[in-house]
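> fold the following for me, if possible:
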Amino acid sequence: MLCYRSSFVRDFAARDSRSSSEANLEIPQIHFYKYQALGNDYLIIEPDQLLQPLRPDQAILLCDRHYGVGADGVLIGPSFSEQADFSLRIYNPDGSEAEKSGNGLRIFARYLWDHNYLIRNTTAEKKTCSTPFR
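Presented below is the predicted three-dimensional model:
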């Protein structure tokens, strides 16, 4: 079962009791969706919500279940691609970029459907650091 909610994130680091250098990690207020599928939950952030690309330290903070929203990863998309109708980037909770994720792709497809991005014969592409995944 997939479900979602929409919320806002505002500077979790301000509530963080970690070192002062880590407390300077600021995440501007952004709109996101949180979906879950088969026990995994992902945050979906549309690229236009970000002023700059998501940094690994920000992904770690967002996924932290104590100081952040809490998630198994972050999906950044949909982006538009020359090779496909949509693309996305997947970040793991440790801040690294994932090559692919079955539940992440399932959640992203549902998000596209829920937000009327999909029509017949739509193609999607998962961009990784090395190769596209279709």
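> does anything pack onto the lengthiest helix in the chain? Which helices or strands?
Ranked by residue count, the top helix of the chain under DSSP state H comes out as helix 102-114. Packing contacts for helix 102-114, counted by 3 or more C-beta pairs under 8 Å, 6 or more residues apart in numbering; DSSP states H and E, involve strand 30-37, strand 40-45, strand 74-79, strand 86-91, strand 124-127. Yep, even glycine has a C-beta here, placed from its N, CA and C like the rest.
> flag every buried residue along stretch 39-54.
N40, D41, Y42, L43, I44, I45, E46, L54 (16 or more other C-beta atoms under 10 Å).
> separation between the spatially closest residue to P56 that is not a sequence neighbour and I119?
Computed as C-beta to C-beta, 6 or more residues apart in numbering, the closest residue to P56 that is not its neighbour in sequence is G95, at 3.0 Å. According to C-beta to C-beta, to the nearest Å, G95 and I119 sit 34 Å apart.
> L105 is nearest to which of the helices and strands packed on helix 102-114?
The closest of the helices and strands packed on helix 102-114 to L105 is strand 124-127. By C-beta to C-beta, the value is 6.7 Å.
> now that closest one: mean pLDDT?
On average, the pLDDT along strand 124-127 is 58.
> rewinding a little: so between G95 and I119, which is more surrounded?
G95 (17 against 7; other C-beta atoms under 10 Å).
> sorry, back to before: and the buried residues of stretch 39-54, which is closest to F108?
I44 (7.0 Å).
> check the closest one and give its pLDDT.
Looking at I44, its pLDDT is 95.
> ok, it - contacts?
F32, Y33, K34, Y35, V74, L75, G77, I107, F108, Y111 (C-beta atoms under 8 Å, 6 or more residues apart in numbering).
> the same query, at a cut-off of 7 Å, please.
For I44, the contacting residues are F32, Y33, Y35, L75, F108, Y111, by C-beta atoms under 7 Å, 6 or more residues apart in numbering.
> L88 versus the second one, what's the distance?
Going from Y33 to L88 by C-beta to C-beta gives 13 Å.
> give me the more crowded residue out of those two.
L88 (22 against 18).
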